[in-house]
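Enquirer: The following block contains a protein sequence and its predicted model.
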Amino acid sequence: MARILLLALLGFSLCFFHRLDGSTILQSADIVSSFPSADANDPILGGGFSPVNPNDPKVVAVGKFVVDQHNKDTKPTLEFVKVVTAESQVVARIIYNITIAAKDANLLNNYRALVSVDLIKGGKKLLFFEGPL
């Protein structure tokens, strides 16, 4: 249901409804404003980022994945230390906005990444990486 609502919202957000004479009947902003506001404290809310425990084993696995993917693509290599902060977003996948601590040689730095985790297959994809912060 949420997926259908999201697709409908995206479709409406890209268009205007017009009469034959060219005057506007309804703008996408009118449609969007008719939906209730999101409650930032609702942990089940699809689409928004919510804090997650940085020590959760799934989150730690995502942090290690970030370092592994980064090390495949660039040199010098990093050594994973810990997840500093993490948030997740549930849509058709889980998107993690994660800050990790990693060592570059012996220098400890924080790095930020976005990681997509497939809910069915469990595959991970590194979407964005930046740092040191």
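Expert: Here it is on my side, so go on. Note that the structure is predicted; figures quoted are calculated from it, not measured.

Enquirer: can you tell me which helix in the chain is longest?
Expert: Of all segments of type helix in the chain, defined using DSSP state H, the longest is helix 57-73.

Enquirer: What helix or strand is residue 86 located in?
Expert: Element membership for residue 86, per DSSP states H and E: strand 78-90.

Enquirer: And that strand, what does it pack against?
Expert: For strand 78-90, the elements it packs on are strand 49-51, helix 57-73, strand 93-104, strand 107-118, judged by 3 or more Cβ pairs under 8 Å, 6 or more residues apart in numbering; DSSP states H and E. Quick note: C-beta positions are derived from backbone N, CA and C, even for glycine.

Enquirer: Export those as CSV, with columns for distance to residue 133 and mean neighbour count.
Expert: Converted to CSV, these look like this (distance: least, Cβ to Cβ, whole Å; neighbours: other Cβ atoms under 10 Å):
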stretch, distance to residue 133, mean neighbour count
strand 49-51, 18, 14
helix 57-73, 13, 17
strand 93-104, 7, 20
strand 107-118, 5, 17
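
Enquirer: CSV please, covering these and showing mean pLDDT.
Expert: Formatted as CSV, these follow (pLDDT from 0 to 100):
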stretch, mean pLDDT
strand 49-51, 91
helix 57-73, 92
strand 93-104, 93
strand 107-118, 94
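
Enquirer: Now distance to residue 129 too, for these, in TSV please.
Expert: What follows is the helices and strands packed on strand 78-90, written out as TSV (distance: least, Cβ to Cβ, whole Å):
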stretch	distance to residue 129
strand 49-51	18
helix 57-73	6
strand 93-104	10
strand 107-118	5
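
Enquirer: if we can go back for a sec, CA atoms of the strand holding residue 86 as PDB?
Expert: Provided in PDB are the C-alpha atoms of strand 78-90 (Å, rounded to 0.1, in the frame of the first residue of the first chain):
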ATOM      1  CA  LEU A  78      41.200   1.600   5.500                       C
ATOM      2  CA  GLU A  79      40.800  -0.600   8.500                       C
ATOM      3  CA  PHE A  80      37.300  -0.700  10.100                       C
ATOM      4  CA  VAL A  81      37.200   0.300  13.700                       C
ATOM      5  CA  LYS A  82      33.500   0.900  14.600                       C
ATOM      6  CA  VAL A  83      30.200   2.500  13.600                       C
ATOM      7  CA  VAL A  84      29.900   5.900  15.100                       C
ATOM      8  CA  THR A  85      26.300   6.800  14.200                       C
ATOM      9  CA  ALA A  86      23.700   5.200  11.900                       C
ATOM     10  CA  GLU A  87      20.300   5.900  10.600                       C
ATOM     11  CA  SER A  88      18.100   3.700   8.400                       C
ATOM     12  CA  GLN A  89      15.400   4.400   5.800                       C
ATOM     13  CA  VAL A  90      13.000   1.700   4.800                       C
END
